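[1] Everything below, folded, please.
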Amino acid sequence: MSILRSVPMVHFRVQVQSRDAPAVTRAIASEGLLHLVDIAHGRAGTGPALEVNELYAAFRDLRSRVRAVAERLEISLEEPEGSISIDENDFAAERERVTVSLEPIEKRVDQTSRALAAAKERSAAARELLGHAERLGDAGIDVRRINGVRFATIRFALGTEQAAETLATLLAPAPFFIAPLDSGDPPLLAIAVANFAKPRLEEALRVSLLQPVRLPAEPIDAERVRRQYDEAQKAESAATDDLKGLRQEIARTVASLAQKVEVATLLLQAQTYFAAAGRFIVISGWLPAESAVKMQERIRAVTEGRAVIDVERAEDVPGVLEGSIHVPILHRNPILLRPFQKLVEIYGTPSYGEVQPTAFFAVSFLLMFGLMFGDVGHGLVLFSAGWCLFRFFTQYLDYGILLMEAGGASAVFGLLYGSVFGFHGVVPTLWMEPLADLHRFMIVAIAAGALAVTSGLVINVINAWRSGNIREALYGPRGLMGAMLYWIALVIIARLFVPATLQVPAVVIIVMTAAALVVLIAAKPFTRRFEKRRPAPAVETAPRWLILLESAIELVDTLFSYFANTISFVRIAAFAAVHAGVFIAIFTIADTLARMPMGGMLSVIVHVGGNALVILLEGLTVSVQVLRLEYYEFFGKFFRGGGEPYVPLMLRRLQTAEEGRRKHA
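    From the prediction side, this is the model:
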């Protein structure tokens, strides 16, 4: 399987009788291979199609109800997997059975939950009342005397000093009095206003951050309240035990119901994608070409041969090459490339037939990361961190692989630079030191940029040729002609800045120019030969000189953008120099501290802390810069995107690499 393109797909079209639709849907879901296409387009239809939509809505409601019960009982539900438990494909009968089983469960859960909620409410109210009574009693408040006040309104509340100031602002300009009664947290406050300002006080308490303290009509009987609190606690404990017992009693039943409604919802949703044609239904989808025979045999087996199946290569389906029909994308990259595939998907999903850039992305990412972050010690730290994630935290497997690969690249370039935690001389310098040879390093960075731009243009030529757009592949600004002109201009400009011994001979420039002219002159024969089956282009109504002028301006603008993209790679040298320069700062600080008392220990701390900071912050910054170069300078040359991920109808989750590794460990 090539890593440079997606898995070949075929269009799979099935026509069966309506009575066979449930069995065929079950077979498709069991195989987990067919990516369905919605050819019904959401139309409710009539007859069987309308019944399917109604059943789908009913099972969605049942699924919500089962999930609500599971959530209230704290039952964890597994994803649907395994065999289908619906008998005879009778979804209506299954709905009745699920409803009959679910309703008494819902009733019992509701009653128990209500009892628990009521007990908690009584317990909270008694606890609050008891707390307020103790606070009021400690403050010396006589409830009867406060309730007997006739010409003023007195309220009590809990709140901070800031909340009291806010309340005072809301009460002004009415006369009021606010006084703290204790030093609790928060303190108990007494608020008094004249009777005519009582509505203002009630409104201010509602919008303020104060917690009002209810004042009973008679003094609180603390013993009675404590008894109420104890009774409420017992009732809460009993209701909690009842809920736990209920969970243990019906957990399996709820899980079984959940599996049934999830599977039924999945299958009915799939059937809403089918198009109805009288007594027949039509199923359309995509699946890997290697699995087409297996799917045909399975469908013919469940329908006893009553199925008309049509299989067509994706390339032969009208509209695929033009991009009007999207073919789902399935990539099978090796485990070392999988983390980079996810980084590519952040930018977009490649379209079908487009060169898969994951391998190019991985190589260029690691090269640029190593160039900018080259250090043996830092690379080993990153590799060790990645290995720990890979070995002990399987949910972060991809991050572990990415860290190990990035750490390996950093260590390799660290050997070339002769740098170990910033120290030079520990290992010999095999190539050059970025800061000492900055001029040479900038040339290397620009060369890397030219290589990246050229690679992007070459991939774009391949993509355009595959899609049948020969004119764009050969003569577009991002086609072969654009790449040749870019290299001609690049070589000419390079002759002005490099020594004579490194200059490209003039004869090479002449040959490149001649080749570009040959390609240009052969434009009509090429396009006539390879695009004869494509629709004729629309006749240009603008004057020919204006068309040529627009094309020339577009070409010049594109060439300038290519050189801007190339120069952008100078940041590789800049960040490599910064990486080396930070070590100079760390060593300077450490040497200064070493002359002070306890300087040796301080110097070690600076070295360790400085390197840790460089690994965390600069490593993150370099990663962002590499992604920026990949996305904007490289992908922008060829990446079309617009692809649709391959998501087949299935009952079981696709096995992840982590699960596979645990299974075979």
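[2] quick one: Glu96 and Phe583, what's the gap?
    74 Å (C-beta to C-beta, to the nearest Å). Every C-beta, even on glycine, is put in place using the N, C-alpha and C of the backbone.
[3] For those two, indicate the residue with more neighbours.
    Using other C-beta atoms under 10 Å, the more surrounded residue of Glu96 and Phe583 is Phe583, with 20 against 11.
[4] nearest residue to the more buried one other than its sequence neighbours?
    Leaving aside its sequence neighbours, Phe583 sits nearest to Gly422 (C-beta to C-beta, 6 or more residues apart in numbering; 3.2 Å).
[5] How far away from the center of its chain is stretch 388-400?
    Offset of stretch 388-400 from its chain centre (C-alpha atoms, centre = their mean, to the nearest Å): 18 Å.
[6] and that stretch, which residues are buried?
    Neighbour counts using 16 or more other C-beta atoms under 10 Å place 389-390, 394, 396-400 of stretch 388-400 among the buried residues.
[7] Skip ahead from the helix ranked longest in the chain and say which helix or strand is next.
    Assignment by DSSP state H gives helix 222-271 as the longest helix of the chain. Using DSSP states H and E, the helix or strand that follows helix 222-271 in sequence is strand 275-277.
[8] got the buried residues for that next one?
    Buried-residue list, strand 275-277, by 16+ other C-beta under 10 Å: 275-276.
[9] Quick check: which helices or strands does it pack against?
    Here strand 275-277 touches strand 280-288, going by 3 or more C-beta pairs under 8 Å, 6 or more residues apart in numbering; DSSP states H and E.
[10] What lies in contact with whatever helix or strand comes next after the strand it packs on?
    Following strand 280-288 in sequence order, the next helix or strand is helix 292-303 (DSSP H and E). Outside of helix 292-303, the residues within contact range by C-beta atoms under 8 Å, 6 or more residues apart in numbering are 10, 12, 14, 16-17, 20, 23-24, 26-28, 30-31, 33-34, 287, 307, 309, 311.
[11] In strands only, show me these.
    Those of the contacts of helix 292-303 mapping onto strands are 10, 12, 14, 16-17, 287, 307, 309, 311, per DSSP state E.
[12] Next, the residue nearest to Phe583: phi, psi?
    phi 90, psi -10 (degrees, to the nearest 10).
[13] give me every residue that touches Phe176.
    168, 191-193, 197, 201.
[14] Go again with 10 Å.
    When contacts are counted by C-beta atoms under 10 Å, 6 or more residues apart in numbering, Phe176 touches 152-153, 167-168, 170, 191-194, 197, 200-201, 204.
[15] The residue nearest to Phe583: what's it in contact with?
    By C-beta under 10 Å, 6+ apart, Gly422 lies in contact with 375, 377-378, 414, 579-580, 582-584, 586-587, 607, 610-611, 614.
[16] Just the buried ones from the residues you listed?
    Neighbour counting with 16+ other C-beta under 10 Å marks 375, 377-378, 414, 579-580, 582-583, 586-587, 607, 610-611, 614 as buried within those.
[17] Just send these back as CSV, with distance to Glu630 too.
    Shown next, in CSV, are the buried ones among the contacts of Gly422 (distance: C-beta to C-beta, whole Å):
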residue, distance to Glu630
Asp375, 22
Gly377, 26
His378, 21
Gly414, 22
His579, 19
Ala580, 23
Val582, 24
Phe583, 27
Ile586, 30
Phe587, 33
His607, 33
Gly610, 29
Asn611, 27
Val614, 23
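[18] Restricted to strands, list these.
    Judged by DSSP E, these include no members of strands.
[19] so what's Phe638 closest to, chain neighbours aside?
    Closest residue in space to Phe638, ignoring its immediate chain neighbours: Asn460 at 3.7 Å, by C-beta to C-beta, 6+ apart.
[20] Only the buried residues of the helix or strand where the one you found lies, if you could.
    According to DSSP H and E, Asn460 maps onto helix 438-466. Under the neighbour-count criterion of 16+ other C-beta under 10 Å, helix 438-466 has 438, 441-446, 448-450, 452-457, 459-466 buried.
[21] Break down the stretch 451-600 of the chain into its helices, ranges please.
    470-475, 480-494, 506-521, 523-530, 544-568, 570-594, 599-613 (DSSP state H, counting those that start in this stretch).
[22] and whatever helix or strand comes next after the last one with helix 570-594, angle?
    Going back to what we said before, that points to helix 599-613. The helix or strand immediately downstream of helix 599-613 is helix 619-628, counting by DSSP H and E. Between helix 619-628 and helix 570-594, the angle comes out at 170 degrees (axes from the mean of the first three to the mean of the last three C-alpha atoms, to 10 degrees).
[23] Give me the mean pLDDT for the very next helix or strand once past helix 619-628.
    Remark: after helix 619-628, the chain's next helix or strand is strand 644-645, criterion DSSP H and E. Across strand 644-645, pLDDT averages out at 90.
[24] Buried ones from the contacts of helix 292-303, can you make that a ChimeraX selection?
    The buried residues among these can be selected in ChimeraX (16+ other C-beta under 10 Å) with this line:
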select :10,12,14,16,20,23,24,26,27,28,30,31,33,34,287,307,309
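[25] Measure how buried Arg114 is and give me the count.
    Neighbours of Arg114 under the rule other C-beta under 10 Å: 11.
[26] Let me know whether it touches Asp242 as I believe.
    No. If you go by C-beta atoms under 10 Å, Arg114 and Asp242 don't touch, sitting 11.3 Å apart.
[27] Mutual contacts of these two, please.
    Counting by C-beta under 10 Å, 6+ apart, Arg114 and Asp242 have no contacts in common.
[28] ok, the residue nearest to Val570 when sequence neighbours are not counted - contacts?
    Closest residue to Val570 apart from its sequence neighbours, by C-beta to C-beta, 6+ apart: Ala445 at 5.3 Å. Residues counted as contacts of Ala445 (C-beta under 10 Å, 6+ apart) are 368, 371-372, 434, 566-576.
[29] Which members of those residues define the maximum pairwise distance?
    Pairwise distances across those peak at 19.4 Å for Pro434 and Thr566 (criterion: C-beta to C-beta).
[30] what residue ranges in the stretch 401-550 of the chain score low on pLDDT?
    Scanning the stretch 401-550 of the chain for pLDDT under 70 picks out the ranges 502, 523-524, 528, 530-542, 544-545, 547-548.
[31] Between the buried ones among the contacts of Gly422, which sits nearest Val66?
    Sorting the buried ones among the contacts of Gly422 by how near they are to Val66, with C-beta to C-beta, puts His378 at the top with 51.9 Å.
[32] Next, give phi and psi for the residue most central in space within the chain.
    Among the residues of the chain, the one closest to the centroid is Ile346, at 7.8 Å (C-alpha atoms, centre = their mean). Ile346 adopts backbone torsions of phi -60, psi -40, taken as degrees, to the nearest 10.
[33] Settle this for me: it is touching Tyr631, isn't it.
    Yes. Under the criterion of C-beta under 10 Å, Ile346 makes contact with Tyr631 at 8.5 Å.
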